[in-house]
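Visitor: take a look and give me a structure for this.
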Amino acid sequence: MGVQDNTLGSCYATLGFNSIPFSITPDTSLAFPGAQYVSAYNQLYYACTNGALAVLSAEIGLGKTLLIRCLIRALPTHVKIAYLINPLLDQVALLREIYAEFNGGDPPAHEHLPSLHHALVNLVLRGAARGHRYVIIVDEAHRLSTEALEALRLLSNLETEQVKLISLVLAGQPELERTLSLRAMRPLRERIGAWLRLRPMSRGECDAYVRHRISRTHTDGRFAFTPAALWVLHWRTQGVPRRINLAGERAVLLASTHNTRRVSWTMVWDACNEFAKVWK
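Guide: Numbers count the residues shown, from 1 in each chain. Reported below is the predicted structural model:
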């Protein structure tokens, strides 16, 4: 479906876009190759292919989910992935979902925790004999219970004499760090091989991010934010990518109403004002 298929899309098409540049959905084709994202991606990829445990923490809107989806798309086919987006599960439901993800969608027959754990271990051991590796990725992991985290730790202990068989990636808001700092979490915390934190973008990163998004979605590149507009965009959004996308989308539409391909600082200012109360 092209951007010309609806009223909002027609505005973008008139400005010369072939797709929406500042959508807040995690579109991997628009992933920004900023230094911190490339570094985090490389470390997560290593963890997923080497049986390590990694933690990715960041405030809301800094790009955790997009980074995770880029990672999932890039992992080799012999790596079996359980991607959990609903962390509000008890231990039984958690293990059942992991088993089903590893087993191509087929749920286990077992209903009780010890038998579930045993079945999952056997599934992984059989797969490892065929050359498979396994990764559990939990988004919104700050909402996991301590019991669920302990169940994940026990699974991540599974290993042969040479390698760990299950990698674990926990991605969540800073509350995850506070949970992992608890004394009860020490056995899990001491296994963390990579502890990554995303930060808001600097002024230069924000400028590069906007230009990257436009270059990937505009037909001829003759659309731009003025230097003053970029300065205001970074100042008002505090370098948070989701905010940049929200304000950027509104600013582009304001440019459309003014029939111009240059976004001014006043357009960005007006766009940010629409979200000022939410961003406080």
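Visitor: surely Leu53 and Ala47 touch.
Guide: Yes: counting by CB atoms under 8 Å, Ala47 is a contact partner of Leu53 at 7.0 Å. For every residue, glycine as well, the C-beta is placed using N, CA and C.
Visitor: who touches both of those two?
Guide: Listed as contacting both Leu53 and Ala47 by CB atoms under 8 Å, 6 or more residues apart in numbering are 167, 169, 193-194.
Visitor: closest one of these to Thr14?
Guide: Distance to Thr14, by CB to CB, is smallest for Val169 among the shared contacts of Leu53 and Ala47, at 41.8 Å.
Visitor: that closest one - that's part of a strand, no?
Guide: Yes: assessed by DSSP: H, G, I helix; E, B strand; the rest coil, Val169 belongs to a strand.
Visitor: would you mind measuring from it to Arg222?
Guide: For Val169, the distance to Arg222 (CB to CB, to the nearest Å) stands at 41 Å.
Visitor: look at those two and report which has more neighbours.
Guide: Val169 (25 against 11; other CB atoms under 10 Å).
Visitor: who does that one bridge with?
Guide: Beta-bridge partners recorded for Val169 (DSSP bridges): Ala54, Ile137.
Visitor: quick one, what contacts it?
Guide: 44, 47-48, 53-56, 68, 71, 135-138.
Visitor: any stretches of this protein with poor pLDDT?
Guide: For the chain, the stretches with pLDDT under 70 are 1-9, 160-161.
Visitor: now the helices: where do they sit in it?
Guide: In the chain, the helices defined using DSSP state H lie at 7-15, 35-49, 64-74, 91-102, 113-129, 146-156, 175-180, 186-189, 203-217, 227-237, 241-257, 265-273, 276-279.
Visitor: look up how far Glu150 lies from the residue lying closest to Arg216 once chain neighbours are set aside.
Guide: Spatial nearest neighbour of Arg216, chain neighbours left out: Leu30 (5.6 Å); criterion: CB to CB, 6 or more residues apart in numbering. In this view, Leu30 and Glu150 are 37 Å apart by CB to CB.
Visitor: rewinding a little: and Pro26, which of the helices of the chain is closest to it?
Guide: Checked against CB to CB, the stretch from the helices of the chain lying closest is helix 64-74, at 3.9 Å.
Visitor: now that closest one: how far from the chain's centre is it?
Guide: Distance, stretch centre to chain centre, for helix 64-74: 5 Å (CA atoms, centre = their mean, to the nearest Å).
Visitor: the helices of the chain: which one's closest to Ile24?
Guide: Ranking those by proximity to Ile24 (CB to CB) places helix 241-257 first, at 4.8 Å.
Visitor: which parts of the closest one are buried?
Guide: Using 16 or more other CB atoms under 10 Å as the burial criterion, the residues of helix 241-257 that qualify are 241-256.
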